[in-house]
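Student: Structure for this input, please:
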Amino acid sequence: MKSVHKQKTDPKVAQALRRLALKLTAAEKAANAAHEQARAAKAKYKDARKAWKQARKEAKRIRKEVKEATAKLKRGMKKVVKPAKAAKPQPPARISAGVAVKPSPAVATPKESATTPVVAKAPAA
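Tutor: Sure, this is the predicted structure:
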């Protein structure tokens, strides 16, 4: 076996070491390029994920708005479209000989109350 010093100076060994150094350099460059690609992909993924989250948030907000608008519309429609109860047909009032029929309170004319003081109007001069 040759000594270490002689191995280094041996042209075949030196050539082999150069080839290995070139391979190592190429491998390191490839590793760095792959690392850069991975970083770019990670950043791209991060951006895509952020955009996806934002879109989900926006969709959730829109769904909430639609739900509120639908509820408002339903409330409004209940007030407007609510069918009026049909009035029951009332039998005609029978007028008995001795019973006086009172007019309904809605039709009755307002009467002056006994507690309201009556002020005499002064004649116009």
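
Student: okay, CA-based contacts and neighbour counts for the rest of this
Tutor: Fine.

Student: Which positions within stretch 28-39 qualify as buried?
Tutor: For stretch 28-39, the neighbour count (16 or more other CA atoms under 10 Å) marks no residue as buried.

Student: pLDDT on stretch 66-83, on average?
Tutor: Throughout stretch 66-83, pLDDT has a mean value of 79.

Student: From here on, call the first residue 40.
Tutor: In the new count, where the first residue is 40, that last one comes out as stretch 105-122.

Student: in that stretch, what counts as buried?
Tutor: Buried-residue list, stretch 105-122, by 16+ other CA under 10 Å: empty.

Student: Export only the CA atoms of stretch 59-72, formatted as CSV.
Tutor: This file holds the C-alpha atoms of stretch 59-72, laid out as CSV (Å, rounded to 0.1, in the frame of the first residue of the first chain):
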residue,chain,number,x,y,z
LEU,A,59,-15.5,13.2,-7.2
ALA,A,60,-15.1,16.9,-6.4
LEU,A,61,-17.0,17.8,-9.6
LYS,A,62,-19.7,15.3,-8.8
LEU,A,63,-20.0,16.7,-5.3
THR,A,64,-20.3,20.2,-6.6
ALA,A,65,-22.9,19.1,-9.1
ALA,A,66,-24.8,17.3,-6.4
GLU,A,67,-24.6,20.4,-4.1
LYS,A,68,-25.9,22.6,-6.9
ALA,A,69,-28.8,20.2,-7.6
ALA,A,70,-29.6,20.1,-3.8
ASN,A,71,-29.6,23.9,-3.7
ALA,A,72,-31.8,24.1,-6.7
